[in-house]
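1. One predicted model, sequence on top.
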Amino acid sequence: MKRTLTAGAAALALAATGGGAIAAASGSSGGPGRIDDGRDLLAHARIGVAGAVAKAQTAASGTIGEIDLERYSGRLVFNVDVGSKDVKVDAATGEVVGWASDD
């Protein structure tokens, strides 16, 4: 239930205010579901944070943690911490392109 509310809150905030909502949805002090690294790459992403989180939740279950935007195998991806997994979601297509256990 908690992860559904987190994704829903992020989606509402993003829809209400556009790209600037990421900071508002995550809070300035950080916490689960926030963009940590790669915020400067958001302009190059074709899907939003809420879409990346929703797609990552199809590959793993658990609490949403840190979200980064980074390069992986030549692609721009959202790296979403979901439970004990790092799920990589292509920032252009929304495709899950990899996951690994979170250490």
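-> The structure has been received and is ready for your questions. Numbers count the residues shown, from 1 in each chain.
2. And Leu42, how far from Gly48?
-> Counting by C-beta to C-beta, to the nearest Å, the separation of Leu42 from Gly48 is 9 Å. Quick note: C-beta positions are derived from backbone N, CA and C, even for glycine.
3. which one of the two has more residues nearby?
-> Taking neighbours as other C-beta atoms under 10 Å, Leu42 and Gly48 compare with Gly48 leading, 21 against 16.
4. Could you check how far the more buried one is from Ile64?
-> 14 Å.
5. This protein: strands as residue ranges?
-> 64-72, 75-82, 85-90, 96-101 (DSSP state E).
6. Select, out of those strands, the one closest to Lys55.
-> strand 85-90 (4.8 Å; C-beta to C-beta).
7. Output the lowest mean pLDDT helix or strand found in the protein.
-> One helix or strand of the chain scores below all others by mean pLDDT, DSSP states H and E: helix 21-26, with a mean of 35.
8. Give me the nearest residue to Gly98, chain neighbours excluded.
-> Leaving aside its chain neighbours, Gly98 sits nearest to Lys88 (4.3 Å; criterion: C-beta to C-beta, 6 or more residues apart in numbering).
9. per-residue confidence at that neighbour?
-> Listed pLDDT for Lys88 reads 97.
10. before we move on, what about Ile35?
-> With respect to pLDDT, Ile35 has a value of 79.
11. Ok, the one 4 residues further on next?
-> According to the per-residue confidence, Arg39 scores 92 in pLDDT.
12. Pull up the gap between it and Asp68, please.
-> 9 Å.
13. In terms of neighbours, single out the busier of these two.
-> Asp68 (19 against 16).
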